[in-house]
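>>> mind looking at a prediction? Sequence and model below.
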Amino acid sequence: MKTFFGFDDWVLAEADRCLGCFEPPCQKACPASIPIPGFIRAINSGNLQYAAQLVRQSNPMVATCGVVCPEEVFCQTQCTRGKIDQPIKIRELHGYATKFEKPIGKSKTNGQGRVAIVGSGPAGISCAVELARAGIPSIIYEQSDHPGGVPNSSIPEFRIAKTTVDEDIEYARNLGIKILQGSTVENPAGLLKQFDAVFVATGLAKNKILNIPGESLPGVITALPFLEKARAGIAEALTDKRVAVIGGGNVSLDVAATASALGAAEVHLVYRRSPKEIKVWQSELAEAQHRGVMIDYLSAPVEFVADGRALYGVKCIRMRLTDEVDSSGRKVPKEIGGTEFVLPADLAIIAVGLGSSYLPEVKANPDLSTSMKGVFAGGDWARGEGTIVEAARDGKLAAQAIINYLKDKLK
Amino acid sequence: MRLTSSRLKTNFLGIELENPFILSAAPSTDELSIARRGLEAGWAGLVLKTTSMVTTRVDLAYPMMSKFDSDNRLAGMGNIDLISAYHIDEVTRRVTILKKEFPDKMIAASIMSDSQTGWQTLVKMLKDSGVDLIECSFSCPQGNVGEDPGKMLAQSESATERVAGWVKQAAGKTPVLIKITPQVTDIVAIIKAIQRAGCDGVTASNSIPALMGIDIDSLSPIPNLGGKSTYSGLTGPAIKPITLRTVAEIARNVPGMVISGNGGVADWRDSVELISVGASNVQICTAVMLHGFDIINDLTSGLDTYLQEKNYKSVNELVGKALPNIVDHDHLPRQKVRSFVIKERCIGCGRCYIACRDGGHEAIEWNGQTRLPDISLEKCVGCGLCLLTQPVAGCLELRQIAT
C-alpha cells in the first residue's frame, strides 16, 4: 500500500501488532531508552516525522542501531507480543522511522563552556549531540581519517553500509559539531587548558593475543587491521586460501564471514568450548554459517606451524569441559592429552578480544567520571567490549554528567 | 460444499426457502449472468436490484465504492450507487427467465417510483412477469413523492402509509415488503403505518447515510470524484449493531410484523444474532460483494451446525428467541460484578491498567516487578472496560459476586 505519507505494507502490519504496554518492558531493555510504543504508535498513525524525532532524541546513533542493534539482546527479547506470537520487529521499525527525519539546524550555544571529545565513535557522537542539545559546543578529535568509530571502520560493510552510519554523523554535523579527523590526542589533560571538560571515548584498538609459538609469523594477523582493511575496501582477495580464525565472540564471526566474503576457499573458526558456551548473537552466527564458515568447537590452538616463514597450519588440541565454572559462569575447558592435530591454513587471524593501551593511568568510574578531574569517559574504552547502543547511552549519560560538572564549575 | 438441511428450510410469506439466506437488492443482483451464478451457488433467493419506470433517468457517478477501516481492517463499506440503470421492462424479462430456470428459488424484485401511477404500474408489471415477492424501497432519497424533498419516503409516517397502501392495493395476493431506513425518530410509528396499509412485511433495513471520510491531503471527501463527493450509504460490519437494534425494536413493539433482516451480516454468527432478534431470514449484499457468492456454503453449514448443537429442529424456532432478554434500562438486573485477572492467561501488557486508570475507576494496581495487574474489589465497579483491552482471550473475567 502506498499512502499519501508513502509507507510500506509490512511496516503498517508490524506497527499494528504493538500492544502499547504500560511501563513497556522493551523500552526498559533498550540502553538508549527509546520510547518504543510511542514511536510505533506514531508510525501506525502515519506520523512518521514524529516517530523519527522520538527515536533520534533518545538515540543519536539511531540509523546505525536500526540496522545492527542485536535483536536477541535488548528490546525484542522483552516484547510482550512475543508471548502471543512473535515479538515486534522493533529494530526494523526504528530503522524505518529514521528515513523520515527532517534535517535540523545548528543548535544555539548557551555560553556554559566547551567540551573536547576524543573519538568519533557512537559514544563520542552521542555525547556531542546531547551536549549540543543543551547548548554546549564540542569538538571531536578523531585519530583516523574517517569518523564513526567501530561501525564505520571494523564492522563488515555487508552488515552495515557506510551511508547508514553517515546519516548519524551528518545529524551531528548539522547541529554544528566539528570533527577533526587525523587528530591524535596523546594526553587529554592537555586539552583542559582550552576546554572546560574532556570526554574520552576512544574505543578499543589493541588486539589481545594468544602468547603461543609462531604468533609473529607473517601469515598470522589480528582481527582489527584485517576488518579495517576489508571495510576500507583495500583488503587482498583470499581466493583459494584456507583461513583459520581463532576466537569465539561476535568479532571473530565478523572476521570469519569477511574472510569468506573475500573469497577464501575454506574458513574455520577455532573455539575452545562447546556451542552452549559460545557468546555470540545468533544472527551473526547464522550469517557466518550461511557464508560457509565451519566452526571447530572444543579445539584450542597451541602453535602456528610454518614451513620456513610460510604458515601451513594451526596446531590445535581437543578440549573437554570440566565441571569447574569460571567468572563468566561458563564451564572451564581442559586439554585432552595426545589429541593434537594440525588444521591446515594459509592465513590465521586472531580474534580473541580487544583491549586498550590508551591512558593506562586513568581509571574510569561507573558514573562516567574518571580519576582525572574534568575528564569523563565512556564506551568500550571505559567499560570493555559492548554494543553500539550501550556506547550511545554512555555518550548521553556522560553529557549529562558533564553538564552538571560545568554548572558547578562555571558558577 | 452444498448443504441441504431440513433445519434451514423456512417458509417466508408463503414462499418456500431452502435456507434463510437471500441476495439483497444490490450490484450482485443487477446483471442476469451474475444473479444466475448467485442462485447456482446455493442462495435461496434474490431481490433484483431496485428498478424504476422507463422514464426514470439514472445518472451514475464513478468511482462509487469506498470503505473505512478500523485497526487496519474493513469496518464499513460505502457506496454512492443509485438504483439500477435497468428499467422495469428489462427487469420483468429477467424475472420470467430466472423463475423458469430456478422454479424453487425466490425471485423477488425491488422497485421505486415517485407517483401513484408509477408505483402501481411497476407492481402490476412485476406481477405479470411471475415475481414471487415485491420489495419497495422507501429508503432511497430519490423517491419521496414530493414530500420533504431530499428525505426518504420512510422518514414520513403519512407518506409511508399512503404509498404502501397504493402498492399493496396493486399487488393483491403478491407479498409486499417495505424496505425501511433506521434513520427515523420513531421506527415503531413507521412500521405501524406499513401495517395499517396492509403490507406483508418489512425489510429492516438499508444502508445508513454516511460521510465516508475526508482525504486529508486534498480535503476531498471520499470517494473522490475529481475533488468532490457526496454522502454514501454505509454498509458492512459497522452497521450490524444498528440493524440488530432496528429489527429488535420492530419485533418487540409490532408483534406479528414479518421482518426480512438486512444490513451488516458477514457470517453465520451474525445471521444467528439477526434471526434471534426477530428476522425471519437474512439478506446479504456487502459480504458477497467483498468475498463472492461462495460464502453461502459457510453461512448454511455454520447456521445448520449451530441449530443442531443448540437443539433447534428448525431455523424458525430461533426467530425472536433473544427478544425476551432485551429489556429497558430500568428493568435491568442490578447485580454486583467485579473484574478478575486470570493470572495464568495474563501476559503482563498493562493495557487494562491504563484503561482503568484513565477511563475507569482507578481500580487496578500495577506491580512493576511482576508486571501483574491487581484489581481492587472495593474500587472496581464491574464496568467491564478492562475486558475490552484484553490482548489475549480470557486474561480478564467479569464475575458476579455475593452481595
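Thanks, I have it.
>>> low-confidence bits of the stretch 101-250 of chain A, can you list those?
Regions of the stretch 101-250 of chain A meeting the criterion pLDDT under 70 are absent.
>>> quick one: the strands in it, in order.
With DSSP state E, counting those that start in this stretch, the ranges of strands along the stretch 101-250 of chain A come out as A:115-118, A:138-142, A:178-181, A:197-200, A:206-207, A:220-222, A:242-247.
>>> Throw these into TSV and include distance to A:L298 and mean neighbour count, thanks.
(Each C-beta comes from the backbone N, C-alpha and C, glycine too.) TSV is the format used below for the strands of the stretch 101-250 of chain A (distance: least, C-beta to C-beta, whole Å; neighbours: other C-beta atoms under 10 Å in any protein chain shown):
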stretch	distance to A:L298	mean neighbour count
strand A:115-118	41	28
strand A:138-142	41	23
strand A:178-181	44	15
strand A:197-200	39	28
strand A:206-207	24	16
strand A:220-222	22	20
strand A:242-247	14	27
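>>> nearest to chain B, of those strands?
Of all those, it is strand A:197-200 that lies closest to chain B, at 33.0 Å by C-beta to the nearest C-beta.
>>> show me what that closest one is packed against.
strand A:115-118, helix A:122-133, helix A:188-191, strand A:375-377, helix A:388-409 (3 or more C-beta pairs under 8 Å, 6 or more residues apart in numbering or on different chains; DSSP states H and E).
>>> which of the strands of the stretch 101-250 of chain A sits closest to B:F102?
Ranking the strands of the stretch 101-250 of chain A by proximity to B:F102 (C-beta to C-beta) places strand A:242-247 first, at 76.2 Å.
>>> show residues contacting that closest one.
Residues from elsewhere that reach strand A:242-247, judged by C-beta atoms under 8 Å, 6 or more residues apart in numbering or on different chains: A:210, A:223, A:252-253, A:255-256, A:259, A:264-271, A:293, A:301, A:313-314, A:343-353.
>>> give me the buried entries from those.
Buried by 16 or more other C-beta atoms under 10 Å in any protein chain shown: A:210, A:223, A:252-253, A:255-256, A:259, A:264, A:266-271, A:293, A:301, A:313-314, A:343, A:345-353, out of these.
>>> next step: those restricted to helices.
Members of the buried ones among the contacts of strand A:242-247 lying in helices (criterion: DSSP state H): A:A223, A:S252, A:L253, A:V255, A:A256, A:A259.
>>> break the chain into its domains for me.
In the absence of a named chain, chain A is used. Using automatic domain parsing, the domain parsing of chain A gives A:9-100, A:115-204+A:356-409, A:206-354.
>>> the chain in question should be chain B.
Split by automatic domain parsing, chain B gives B:10-325, B:333-400.
>>> now do the same end-to-end measure for the last one.
Read it as domain B:333-400. One end of domain B:333-400 to the other measures 12 Å (C-alpha to C-alpha, to the nearest Å).
>>> would you mark the buried spots in stretch B:341-348?
Within stretch B:341-348, the residues scored as buried using 16+ other C-beta under 10 Å are B:V341, B:C346, B:I347, B:G348.
>>> centroid-nearest residue for chain B?
B:G263 (1.5 Å; C-alpha atoms, centre = their mean).
>>> gap between whatever residue of chain A ends up closest to chain B and A:R133?
Using C-beta to the nearest C-beta, the single residue of chain A nearest to chain B is A:F22, 2.7 Å away. Using C-beta to C-beta, to the nearest Å, we find A:F22 at a distance of 28 Å from A:R133.
>>> follow-up on the earlier one: which one, of the domains of chain B, ends up nearest to chain A?
Chain A sits nearest to domain B:333-400 of all the domains of chain B, at 2.7 Å, using C-beta to the nearest C-beta.
>>> quick one: mean pLDDT for the closest one?
The average of the pLDDT scores along domain B:333-400 is 96.
>>> from the buried residues of stretch B:341-348, which land in strands?
Counted as lying in strands by DSSP state E, out of the buried residues of stretch B:341-348, are B:V341.
>>> rewinding a little: just the domains of chain B: most buried one?
domain B:10-325 (a mean of 20; mean count of other C-beta atoms under 10 Å in any protein chain shown).
>>> quick one: end-to-end distance for it.
Counting by C-alpha to C-alpha, you get 24 Å between the two ends of domain B:10-325.
>>> quick one: the domains of chain B as CSV, columns for distance to A:E157 too.
Shown next, in CSV, are these (distance: least, C-beta to C-beta, whole Å):
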stretch, distance to A:E157
domain B:10-325, 36
domain B:333-400, 39
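>>> and these as CSV, adding distance to chain A?
Formatted as CSV, these follow (distance: least, C-beta to the nearest C-beta, whole Å):
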stretch, distance to chain A
domain B:10-325, 4
domain B:333-400, 3
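>>> unless I'm mixing things up, B:G130 is touching B:E101, no?
No: B:G130 lies out of contact with B:E101 (C-beta atoms under 8 Å); the separation is 12.0 Å.
>>> intersection of neighbour lists for those two?
With C-beta under 8 Å, 6+ apart as the test, B:G130 and B:E101 reach no residue in common.
>>> distance to chain B added to the helices and strands packed on strand A:197-200, as TSV?
Supplementary listing: the helices and strands packed on strand A:197-200 in TSV, determined by distance: least, C-beta to the nearest C-beta, whole Å:
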stretch	distance to chain B
strand A:115-118	36
helix A:122-133	27
helix A:188-191	40
strand A:375-377	31
helix A:388-409	21
